[in-house]
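Q: based on what follows, work out the 3D shape:
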Amino acid sequence: MKAHLQILPAILGISLLLACNQKTTTPTATEITDSKKQIAAMLDSFNVAAANADYIRYFNFYTEDATFNGTDATENWDKAAYMIWAKPFFDKKTTWNFTAIKRNIYFGKNADIAWFEELLNTQMKICRGSGVVVKQGNDWKVQQYVLSTTIPNSQLHTVSKIKTQEEDSMIIKLSDKEYCLILTLKKQQYHRKYNSRQGKIKSLFKNSGLWHKHPKGRYYKEQQ
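A: Below you'll find the predicted structure:
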């Protein structure tokens, strides 16, 4: 019993020492201001490196576990895959030239993690870049980057019609609630769609030009 009583103060002393030595990660107002300047400068240099087709410098701004999402729904890459995709553009000096025209940077409870969103002047007109940056040593690096095109609300209907034919098939492929059955009829293939949400299917595909209503009420797609 005495041994236990002697050990208890020692444990309490070690706990207090660790608590005193533990540094808070919540950034101060001054740290946030300084970090925002550093992040903004990094993002500007990041965009310049791409515009100058500086392959090594551009990808050095990413962490090793970084991910990139492009404007196309299929463009979801880790750093290695993105480097492979981008290499021909950098080699041919046909990269992109983005300039930030508005930028917001945010912090949570950690001084070494921030997220940002910015409007960019690009060859595609206004785009939005957003993502997560982390501090590694003295440098801020991009851990996630998402590039999105912006569409004026007044033009959404027009753009949606343009996207419909290409993206409807992608929606079907990616949906885990749907499955398709291929039927061969007189050397022609029909893609018959079965789904429990029949009402939603009709509204989604009736004007797409891809899906057609079968006489029995199902939906099918003629294969090329």
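
Q: domain ranges for the protein, per the record?
A: The chain breaks down by automatic domain parsing into domains covering 29-150, 154-222.

Q: give me whichever of these is most buried.
A: Across the domains of the chain, averaging neighbours per residue (mean count of other Cβ atoms under 10 Å) puts domain 29-150 on top, at a mean of 15. C-beta here means a position set from N, CA and C on the backbone, and glycine is covered the same way.

Q: how close does the nearest residue to residue 134 once chain neighbours are set aside get to residue 105?
A: Among residues not flanking residue 134 along the chain, residue 143 sits closest, at 5.0 Å (Cβ to Cβ, 6 or more residues apart in numbering). Counting by Cβ to Cβ, to the nearest Å, the gap from residue 143 to residue 105 is 14 Å.

Q: with residue 154 instead?
A: Per Cβ to Cβ, residue 154 is found 30 Å from residue 105.

Q: surely residue 38 touches residue 140?
A: Yes. The pair residue 38 / residue 140 is scored as a contact, 5.6 Å apart, by Cβ atoms under 8 Å.

Q: got the contact list for stretch 81-97?
A: Contacting residues not belonging to stretch 81-97 are listed as 47, 50-55, 58-59, 66, 68, 75, 77, 122-123 [Cβ atoms under 8 Å, 6 or more residues apart in numbering].

Q: farthest pair in these?
A: 66 and 123 (23.6 Å; Cβ to Cβ).

Q: what segments of this protein are helices?
A: 2-21, 29-51, 55-60, 79-91, 156-174, 198-205 (DSSP state H).

Q: any idea of the mean pLDDT for the longest one?
A: Okay, so that is helix 29-51. Averaged over helix 29-51, pLDDT sits at 97.

Q: send me it as PDB with only the CA atoms.
A: Taking C-alpha atoms only, helix 29-51 is exported to PDB below (Å, rounded to 0.1, in the frame of the first residue of the first chain):
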ATOM      1  CA  ALA A  29      -4.200  36.200 -34.600                       C
ATOM      2  CA  THR A  30      -0.600  37.100 -35.500                       C
ATOM      3  CA  GLU A  31       0.200  33.600 -36.600                       C
ATOM      4  CA  ILE A  32      -2.800  33.500 -38.800                       C
ATOM      5  CA  THR A  33      -1.900  36.800 -40.500                       C
ATOM      6  CA  ASP A  34       1.600  35.700 -41.100                       C
ATOM      7  CA  SER A  35       0.600  32.300 -42.300                       C
ATOM      8  CA  LYS A  36      -2.000  33.700 -44.700                       C
ATOM      9  CA  LYS A  37       0.700  35.900 -46.300                       C
ATOM     10  CA  GLN A  38       3.000  32.800 -46.700                       C
ATOM     11  CA  ILE A  39       0.200  30.700 -48.100                       C
ATOM     12  CA  ALA A  40      -0.900  33.400 -50.600                       C
ATOM     13  CA  ALA A  41       2.700  33.800 -51.700                       C
ATOM     14  CA  MET A  42       3.100  30.000 -52.100                       C
ATOM     15  CA  LEU A  43      -0.100  29.800 -54.200                       C
ATOM     16  CA  ASP A  44       1.000  32.600 -56.400                       C
ATOM     17  CA  SER A  45       4.300  30.900 -57.000                       C
ATOM     18  CA  PHE A  46       2.500  27.600 -57.500                       C
ATOM     19  CA  ASN A  47       0.400  29.200 -60.300                       C
ATOM     20  CA  VAL A  48       3.500  30.800 -61.900                       C
ATOM     21  CA  ALA A  49       5.400  27.500 -61.900                       C
ATOM     22  CA  ALA A  50       2.600  25.900 -63.900                       C
ATOM     23  CA  ALA A  51       2.400  28.900 -66.300                       C
END
